[in-house]
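>>> build me a structure from this.
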Amino acid sequence: MFKIYVGNLDYKTEREDVERLFQRFGPIEDIALAEDKKTGKRRGFAIVMVRDELRGRLAIESLAGTRLRGRAIVINEAVTKKGKKPASFKELRSGPLGPRAMGITPRRAGSRNPRRTSSRPGRRFGGSGPGEGPTPSGS
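This next block holds a predicted model:
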């Protein structure tokens, strides 16, 4: 599946408008018009999916600089953003407002109380057991 990014779309652009633009290059598998999850309003770009990569590249070259609903569209191959991963808790914590301001509460795997025993046998209350720590002088 070859994916084509179509940007700088008017917010009133419909699926049929984009379909009309691409129909001369062969069959279109799907068109996804991006919408904001909260408001449901269009975000100004679409992803057009075609089966034939050659026809997709031809469409990109042919439609560069085309105007749709009075706006010059930006068109190129859609690529996934590599290296983009969800922010970890540590990254969120370092922000100016912290995680609680964003409604995120950390989940702790276990107690961090230093007075409790650790999960390792032979270790209690942070003391040194046999073979651990400094040896007494004079031995």
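
>>> what pairs with the strand ranked longest in the chain, and is each one parallel or antiparallel?
With residue count as the measure and DSSP state E as the assignment, the chain has strand 42-50 as its longest strand. Using DSSP bridges, strand 42-50 pairs in its sheet with strand 2-7 (antiparallel), strand 30-35 (antiparallel).

>>> compare those and give me the one nearest G70.
Go through the strands paired with strand 42-50 one by one with CB to CB and the one that ends up closest to G70 is strand 2-7, at 15.0 Å. All C-beta spots, glycine's among them, are computed from the backbone N, C-alpha and C.

>>> output the contacting helices and strands for the very next helix or strand once past that closest one.
Once the chain leaves strand 2-7, the next helix or strand it forms, by DSSP states H and E, is helix 15-22. On a contact count with 3 or more CB pairs under 8 Å, 6 or more residues apart in numbering; DSSP states H and E, helix 15-22 meets strand 2-7, strand 30-35, strand 42-50, helix 53-63, strand 67-68.

>>> what about stretch 13-33, how long is it end to end?
Criterion CA to CA, to the nearest Å; first-to-last residue distance in stretch 13-33 is 9 Å.

>>> if you count neighbours, what's buried in it?
Using 16 or more other CB atoms under 10 Å as the burial criterion, the residues of stretch 13-33 that qualify are T13, D17, V18, L21, F22, F25, I28, I31, L33.

>>> show me what contacts the fourth one?
Residues counted as contacts of L21 (CB atoms under 8 Å, 6 or more residues apart in numbering) are V6, L63, T66, L68.
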